[in-house]
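> Have a look at this fold, sequence not included:
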């Protein structure tokens, strides 16, 4: 009967025709869920969406808003069910399906007669489904809304990554800088931007950026450590050693800072020995060899500060072992 009315040219103009079509679809669907009846849940293909489309058609035809009060509770039920479906699909790692369901729930809450504030958790779930399904345009769209509202550090982080995936490095950089300002120089965001600058080989910009950050938070050990690491990767070992010392001043438990300091001294010694090969003056060679040995001794001294036990990470143990081998400290290598 209702299908005949929606197909009829005259009755298809009546708002209540489409309202009843939506109500039939929705009621049958929920009865099907309650009774575990596939037949009721599938009177029509994509039945829940057909209910939504029918309600939207009814609302469009209902220029005086006579159906608003009747539509409101039905919209709420639809939105809740789409959210449930979205969560279920996401759990099953069907991220594209989850995105479709979440966006329908979002469309209902944002574009209907419901006078409710947008649920930021729903927006976040929608953004996350878009991100996991690699729909970068949708991910950026939803994450940008969250970023503007200062939703969370994680949403800013994801927006940064989504822009990078789109190849929009400039926007990604702007997002992360905004996030650093909004979230009180958050360490995670600072390290993300530093890593981006390093990968872009913008070393001077990276150092200037870290200098500004350290001026704001001078006691943050990780910022000093990161700066030291950048110096080390650029073979500026003396500056690296100085900054590792600052990091250890505020966090003496950072074993990797000891290992990296030792590595820097070892590299200094190696560089000196290599340079002696081009020196003709024997006395000068001897002097340089003494400097090299002094650097190697410093490396051993710093390695001896690393106390290894069963809680020490495999990465640190491996680095200490390899460096000791390089320094020909075979006894300590064997113990490790």
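Here it is on my side, so go on. What you see is a predicted model, and the numbers here were worked out from it, not measured in a lab.
> What part of this protein, helix or strand, is modelled with the least confidence?
Least confident helix or strand, the chain: helix 330-335 with a mean of 39, by mean pLDDT, DSSP states H and E.
> Which neighbouring elements make contact with the lengthiest helix in the chain?
Using DSSP state H to define each element, the chain has its longest helix at helix 68-91. Contact partners of helix 68-91 among helices and strands, from 3 or more Cβ pairs under 8 Å, 6 or more residues apart in numbering; DSSP states H and E: helix 15-35, helix 47-61, helix 95-111, helix 120-132. Glycine gets a C-beta too; all of them are placed from N, C-alpha and C.
> Quick one: those helices as TSV, columns for mean neighbour count too.
TSV is the format used below for those (neighbours: other Cβ atoms under 10 Å):
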stretch	mean neighbour count
helix 15-35	18
helix 47-61	19
helix 95-111	20
helix 120-132	21
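> nearest to residue 76, of these?
Closest approach to residue 76 among these (Cβ to Cβ): helix 95-111, 8.2 Å.
> That closest one to helix 120-132, inter-axis angle?
150 degrees (axes from the mean of the first three to the mean of the last three Cα atoms, to 10 degrees).
> And helix 95-111, how far out from the chain middle?
22 Å (Cα atoms, centre = their mean, to the nearest Å).
> quick one: contacts of it?
49, 52, 75, 78-80, 82-83, 85-87, 89-90, 114, 116, 118-119, 122-123, 125-126, 129-130, 132-133, 135, 138 (Cβ atoms under 8 Å, 6 or more residues apart in numbering).
> hmm, 7 Å instead?
49, 52, 75, 78-79, 82-83, 85-86, 89-90, 116, 118-119, 122-123, 125-126, 129-130, 132-133, 135, 138 (Cβ atoms under 7 Å, 6 or more residues apart in numbering).
> That helix vs helix 68-91, what angle?
Using the same axes, to 10 degrees, helix 95-111 lies at 160 degrees relative to helix 68-91.
> Mean confidence (pLDDT) on helix 95-111, please.
When pLDDT is averaged over helix 95-111, the result is 92.
> same deal with stretch 237-252?
97.
> Kindly report the same for stretch 165-175.
96.
> just stretch 46-54 next, same as before
So the average pLDDT for stretch 46-54 ends up being 91.
> Give me the residues contacting that stretch.
18, 21, 22, 25, 26, 29, 41, 44, 78, 81, 104, 108.
> so which of these comes closest to residue 221?
The closest of those, once distances to residue 221 are taken by Cβ to Cβ, is residue 104, at 47.2 Å.
> what's the spacing between the closest one and residue 210?
Residue 104 is 45 Å from residue 210, where distance means Cβ to Cβ, to the nearest Å.
> again with residue 140
According to Cβ to Cβ, residue 140 stands 28 Å off from residue 210.
> what's the answer for residue 170, then?
On the measure of Cβ to Cβ, residue 170 and residue 210 end up 20 Å apart.
> go on, residue 276?
34 Å.
> and those two? which has more neighbours close in?
Neighbour totals were compared for residue 276 and residue 210, and residue 210 leads with 21 against 16 (other Cβ atoms under 10 Å).
> Now that we're looking at that one, what pLDDT does it have?
97.
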